[in-house]
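Student: only geometry, no sequence info:
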């Protein structure tokens, strides 16, 4: 792995956090671990830009913050590295169905099975985020400007902004 993996909590300490499993069997596309050994609710993840996407070559750091009632409620994910994407708010917050509160969508856009379920893990969250990078949902954007650029000029201004973010992520990957 490219990044130092932080100390992990034993699965016996907190059953649903599977950091030990991620260390033993890493998944391509991301690295994850605790920010601080004394806080199992805050994880640092690094998403490696997926091949054959505009994000390829990028190293995007983010924080996953788990609520005390996890796994009944979803964690929040916020990129610390600048990233230009329709489903990432300008402040870095990730907006995808899998991270939305369980149950019915009051706007009727998402089906309950698309939203958070207690069976999700860090791995399933990260696979969804990697998939989001490759295939944004511009019909329900968190960043309206990025969605507009994606729709109107995906190989122009949108591509230039993403390339700038990728370069910045490479420059700060080991900070």
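Tutor: Nice, I can see it. These figures come from a predicted structure and were not determined experimentally.

Student: Let me know the helix or strand that the residue nearest the centre of the chain is in.
Tutor: Nearest residue to the geometric centre of the chain (Cα atoms, centre = their mean): residue 129, 4.4 Å. Using DSSP states H and E, residue 129 falls within helix 122-134.

Student: So which elements touch that helix?
Tutor: Secondary-structure packing of helix 122-134 (3 or more Cβ pairs under 8 Å, 6 or more residues apart in numbering; DSSP states H and E): helix 19-24, strand 30-36, strand 39-48. Quick note: C-beta positions are derived from backbone N, CA and C, even for glycine.

Student: Return the residues in contact with residue 82.
Tutor: Shown in contact with residue 82 (Cβ atoms under 8 Å, 6 or more residues apart in numbering): 92, 165, 168-169.

Student: Which one of those sits in the busiest neighbourhood?
Tutor: When neighbours are taken as other Cβ atoms under 10 Å, the top entry among those is residue 169 (23 neighbours).

Student: remind me which residues of this structure are low pLDDT?
Tutor: 1-27 (pLDDT under 70).

Student: which residues sit against the longest helix seen in it?
Tutor: Ranked by residue count under DSSP state H, the longest helix found in the chain is helix 157-171. Outside of helix 157-171, the residues that reach it under the criterion Cβ under 8 Å, 6+ apart are 49, 54-61, 81-85, 146, 149-150.

Student: Verify the contact between residue 91 and residue 78 for me.
Tutor: Yes - in this structure residue 91 lies within contact range of residue 78 using Cβ atoms under 8 Å: 7.3 Å.

Student: Looking at the two, which one has more neighbours?
Tutor: The residue with more neighbours, out of residue 91 and residue 78, is residue 78; 14 against 9, by other Cβ under 10 Å.

Student: secondary structure class for the more buried one?
Tutor: Assigned with DSSP: H, G, I helix; E, B strand; the rest coil, residue 78 falls in the strand class.

Student: so who does it touch?
Tutor: 62-63, 65, 91-94.

Student: how does it look with 10 Å?
Tutor: For residue 78, the contact set (Cβ atoms under 10 Å, 6 or more residues apart in numbering) comprises 62-65, 88-89, 91-94.

Student: Save these as a markdown table, and put in secondary structure too.
Tutor: Compiled in a markdown table, these are given as follows (three-state DSSP):
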| residue | secondary structure |
| --- | --- |
| 62 | strand |
| 63 | strand |
| 64 | strand |
| 65 | strand |
| 88 | strand |
| 89 | coil |
| 91 | coil |
| 92 | coil |
| 93 | strand |
| 94 | strand |
